[in-house]
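> sequence unavailable; structure follows:
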Ligand SMILES: Cc1cc2nc3c(=O)[nH]c(=O)nc-3n(C[C@H](O)[C@H](O)[C@H](O)COP(=O)(O)O)c2cc1C
C-alpha cells in the first residue's frame with residue numbers, strides 16, 4: 001500500500017558536497033550531477049534530513065522560518081536530488097556509492113563528476129571550439145631547463161627488429177576498410193592484452209594473476225567487453241571476456257555501428273570499426289588493498305597500460321587501432337548491465353581493417369632542438 005505524502009520520508013543524499021563560487025554557495029549531488037545555488041541556512045535543512053524524516057517534522061523543526069520558505073527549500077532540494085525519498089531506488093543507488101566507495105570518498109567524487117562526455121555537436125560546435133582555442137596561445141610543447149648544462153646523448157642505434165618497428169608504426173586510425181577482422185585476431189588481442197598469462201605465489205595474498213601489463217598489487221581491476229560489429233565467425237553482439245578462461249559470454253544487448261558511435265560520444269568515424277573493446281574497472285579489487293583515494297589514479301594508469309598494449313598488438317597484427325576517452329559512460333553501462341558505481345567504464349579501444357595501404361613505419365627518431 002502506498003503511503004500518503006504526510007508519511008513520506010526524505011533523507012539527504014550522501015553523494016553531495018557544497019562549495020563557494022564567487023560568493024555563491026553551490027550544493028552539488030555528484031552522483032546525479034545536479035547542483036544549485038542557495039543560502040547557508042539550507043545546509044541546516046540538509047543536516048536535519050541526515051536522519052530520514054517527514055516534511056511535517058521539518059516544518060516543526062524550522063518553525064522560526066515561514067512554512068512557505070521551508071517548503072520551498074525542501075522542494076528545491078528534492079529537485080536537485082539532494083533530498084531523496086526514503087526508501088527508494090534513488091536512495092539505494094546513493095547508498096551504493098557510500099558503501100562501495102567509502103574509503104575513496106570524498107576525493108572519489110571526481111570519478112562521478114567527470115562521467116558522460118557532452119558530445120561536441122550538442123555542446124560546442126567545432127567552429128566555436130577553434131575560435132575559443134585560438135583566442136589564447138597554446139602552452140609551449142616542450143620544456144627547456146634554463147641554466148642547466150646540456151649533456152649530449154649519442155645518436156641512438158635503434159634495432160630494426162619487429163618490436164621497434166611495431167612501436168613506431170602505431171597510429172590512431174579513424175578510417176577503416178569495410179571488411180571483417182578475423183576471430184583469430186580478436187582472440188589474439190584479448191589474450192595478449194587482458195588474458196591471464198600465469199599466476200605467481202605472493203607472500204601475503206596467495207596466488208595472483210599476471211598479465212602483459214603491470215597492475216598495482218597485481219589486483220587487476222580491469223574488465224573488458226567486446227562489441228563485435230564485423231568479426232568473421234562471431235555473431236554481431238556484445239560479449240564479456242573471461243580473462244581466466246579466455247572465453248566470451250554473450251550479453252543480451254544488441255550491437256550495431258550507430259550504437260558504437262553513440263558510445264563514443266557520436267564520433268561517427270568509429271562506427272566503421274570492426275570491433276570495440278570497452279574497458280571497465282571493478283574498483284573494489286584495488287580498493288580492498290589500497291584504502292586511500294590515490295589508488296584511483298592507479299586504476300586509471302593501468303587502463304592506459306592496457307590500451308597501449310592493445311594498440312601495439314593490433315599494429316603488429318596489421319590492424320588499425322584507435323582509442324577514445326570521449327564516452328557516454330552511462331549509456332554504455334546501461335547496455336552492459338553495470339551499475340556504474342562498483343564497476344564503471346573508463347576507456348574504449350577498437351580496431352578495424354586498415355583502409356588503403358598500411359601506414360609506413362615512420363622515421364625512427366628525428367631529433368630537433
Ligand atoms: C586518453 C586518450 C584519449 C583519446 N581520445 C580520443 C578521442 O576521443 N577521439 C579521437 O579521435 N582520438 C582520441 N585519442 C587519440 C589521439 O587523438 C591521438 O593519440 C593523437 O592525435 C596522436 O596521434 P597518434 O595516436 O596517431 O600518435 C585519444 C588518445 C588518448 C591517449
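Here it is on my side, so go on. Fair warning: this is a prediction, and the values are worked out from it, not measured in the lab. Residues are numbered from 1 along each chain as shown.

> alpha carbons only for contacts and neighbour counts from here, please
Will do.

> least trustworthy helix or strand in this structure by mean pLDDT?
Ranked by mean pLDDT, DSSP states H and E, the weakest helix or strand in the chain is helix 120-123, scoring a mean of 55.

> this protein against the ligand: which residues are in contact?
By C-alpha under 6 Å from any ligand atom, the residues of the chain that approach the ligand are 171-172, 323-326.

> tell me which residues are up against stretch 109-118.
Outside of stretch 109-118, the residues within contact range by C-alpha atoms under 8 Å, 6 or more residues apart in numbering are 15, 30-31, 33, 265, 326-330.

> now, which of those sits nearest the ligand?
Distance to the ligand across those (C-alpha to the nearest ligand atom) is lowest for residue 326, with 4.2 Å.

> ok, now which ones touch that closest one?
Counting by C-alpha under 8 Å, 6+ apart, residue 326 touches 116-117, 264-265.

> for the closest residue to the ligand within the stretch 101-250 of the chain, which three-state class applies?
The nearest approach of the stretch 101-250 of the chain to the ligand comes at residue 171, 3.4 Å away (C-alpha to the nearest ligand atom). Look at residue 171: counting by DSSP: H, G, I helix; E, B strand; the rest coil, its state is coil.

> how much space separates it from residue 325?
Noted for residue 171: a distance of 16 Å to residue 325, by C-alpha to C-alpha, to the nearest Å.

> before we move on, back to that, what's the ChimeraX syntax to select whichever of the contacts of stretch 109-118 are buried?
With 16 or more other C-alpha atoms under 10 Å as the criterion, this ChimeraX line picks the buried residues out of those:
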select :15,30,31,265,326,327,328,329,330
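
> max pairwise distance over the contacts of stretch 109-118: which two?
Greatest spacing in those, by C-alpha to C-alpha: 15 and 265 (25.6 Å).

> report pLDDT for the residue nearest to residue 33 when sequence neighbours are not counted.
In space, and not counting its chain neighbours, residue 33 is closest to residue 113: 6.6 Å by C-alpha to C-alpha, 6 or more residues apart in numbering. pLDDT, residue 113: 95.

> any idea how far residue 236 is from residue 113?
33 Å.

> which of the two has more neighbours?
Each of residue 113 and residue 236 has its neighbours counted (other C-alpha atoms under 10 Å); residue 236 has more, 18 against 15.

> neighbouring contacts of the longest strand seen in the chain?
Secondary structure of the chain per DSSP state E: the longest strand is strand 343-354. The contact list for strand 343-354 (C-alpha under 8 Å, 6+ apart) reads 173, 175-181, 264, 272-283, 300, 303, 307, 310-311, 314, 318-325, 327, 329, 332-333, 338.

> quickly run through the sheet partners of the helix or strand where residue 240 lies, with directions.
Per DSSP states H and E: residue 240 is located in strand 237-242. Applying DSSP bridges, strand 237-242 is found paired with strand 222-228 (antiparallel), strand 247-250 (antiparallel).

> now the last one: average pLDDT?
Looking at strand 247-250 alone, the average pLDDT works out to 98.

> show me what counts as buried in it.
Of the residues in strand 247-250, those buried (16+ other C-alpha under 10 Å) are 248, 250.

> check which residues of the helix or strand just after that strand are buried.
As assigned by DSSP H and E, the chain's next helix or strand after strand 247-250 is helix 257-263. The neighbour-count check on helix 257-263 (16+ other C-alpha under 10 Å) flags 257, 259-263 as buried.

> what about whichever helix or strand comes after helix 257-263, distance to the chain center?
Downstream of helix 257-263, the next assigned helix or strand under DSSP H and E is strand 275-282. Computed by C-alpha atoms, centre = their mean, to the nearest Å, the chain-centroid distance of strand 275-282 equals 9 Å.

> now tell me what touches strand 275-282 from outside.
By C-alpha under 8 Å, 6+ apart, the surrounding residues in contact with strand 275-282 are 221-231, 260, 299, 303, 342-352.

> which residues of the stretch 101-250 of the chain fall in strands?
Secondary structure of the stretch 101-250 of the chain by DSSP state E, counting those that start in this stretch: the strands cover 176-177, 181-182, 198-202, 206-210, 222-228, 231-232, 237-242, 247-250.
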